[in-house]
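Q: below is the sequence, then the predicted model.
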Amino acid sequence: GKVTITRTKNTITYPANPMLVCALNPCPCGYLGNNSKACSCSQQEIMRYRTRISGPLLDCIDLHIDVPSIKYKELSELASGENSHIIASRVQRAREIQVKRYKDFPNIFSNAQVPAHILKKICIISDACHKLLEKAFDKLGMSARAADRIIKVSRTIADLSGEPDIQVSHLSEAIQYRSLDRNYQHHE
């Protein structure tokens, strides 16, 4: 909830509630996995590039997704996706659910703000969900912080679906949003 800036003679603390959005190329040349242009990087260059991203930094990011390149024709076509008013309405309902859920916890208004010790009490998951999370945790070499982030994201997915409980499908979807855990960290 705050950021502190320290300089030679002064230290100032400001209130803050940032949302961090990051982007990176899949490799140094940027073409790994591109269907239109071949990657010119060696496996060693790709590995060195990927290990520049620290695990603790990745743990602090809720969602990691791959965004594939697209052709201009696909970009210029009219989108046939869900109407933004419908999406906004669903997000507003999910936010209302979260505010109500955390009404007894000062300064917590959303799933993203929940500290680990409260998360275990509020976001109770089934045995099937525990098994899935354990499998992902072991296979991907995740930290406890990453596992907590997955639970928070799955709770949000459940809220967006209007579901009172986190289902295996919500947890599976949240795990899928950890592509950097899947694609980068296990190569180190």
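A: Right, received. Where do you want to start?
Q: please count neighbours and contacts with C-alpha atoms only from this point.
A: Will do.
Q: Ala38 and Asp165, how far apart?
A: 44 Å (Cα to Cα, to the nearest Å).
Q: have a look at these two and say which one is more surrounded.
A: Ranked by neighbour count (other Cα atoms under 10 Å), Ala38 and Asp165 place Asp165 first, with 15 against 12.
Q: burial of the residue lying closest to the more buried one once chain neighbours are set aside, as a residue count?
A: With sequence-adjacent residues excluded and distances taken as Cα to Cα, 6 or more residues apart in numbering, Asp165 is closest to Ala158, at 6.8 Å. When neighbours are counted by other Cα under 10 Å, Ala158 registers 19.
Q: quick check, Ala158 in a strand?
A: No - under DSSP: H, G, I helix; E, B strand; the rest coil, Ala158 falls outside any strand and is assigned helix.
Q: my guess is it contacts Ser172, does it?
A: No - taking contacts as Cα atoms under 8 Å, Ala158 lies outside contact range of Ser172: 11.5 Å.
Q: contact partners for the residue nearest to the spatial centre of the chain?
A: Most central in the chain under Cα atoms, centre = their mean is Leu63, positioned 1.6 Å from the mean C-alpha point. Applying Cα atoms under 8 Å, 6 or more residues apart in numbering, we find Leu63 in contact with 177-178.
Q: check the gap between it and Ser179 for me.
A: Applying Cα to Cα to Leu63 and Ser179 gives a distance of 8 Å.
Q: over to His170?
A: To Ser179, His170 is 16 Å away according to Cα to Cα.
Q: for the two, work out which one has more neighbours and name it.
A: Neighbour count, other Cα under 10 Å: between His170 and Ser179, His170 has more, with 23 against 14.
Q: mind listing the helices for the protein?
A: In the chain, the segments counted as helices under DSSP state H are 43-50, 55-59, 72-76, 84-101, 116-122, 127-140, 144-161, 168-176, 179-183.
Q: let me know which of the ones you listed is tucked in deepest.
A: By mean neighbour count, with neighbours taken as mean count of other Cα atoms under 10 Å, helix 144-161 ranks first of the helices of the chain at a mean of 21.
Q: who touches that helix?
A: Contacts for helix 144-161 (Cα under 8 Å, 6+ apart): 59-60, 62, 90-91, 93-94, 97-98, 111-112, 114, 116, 119, 123, 133, 137, 164-167, 170-171, 173-175.
Q: what stretches of this protein score poorly on pLDDT?
A: Along the chain, segments meeting pLDDT under 70 span 78-79, 182-188.
Q: hmm, back to that, which of the helices of the chain sits closest to Leu20?
A: With Cα to Cα as the criterion, Leu20 lies closest to helix 55-59 of the helices of the chain, at 11.5 Å.
Q: show residues contacting the closest one.
A: With Cα under 8 Å, 6+ apart as the test, helix 55-59 has contacts from 143, 145-146, 149, 180-181, 185.
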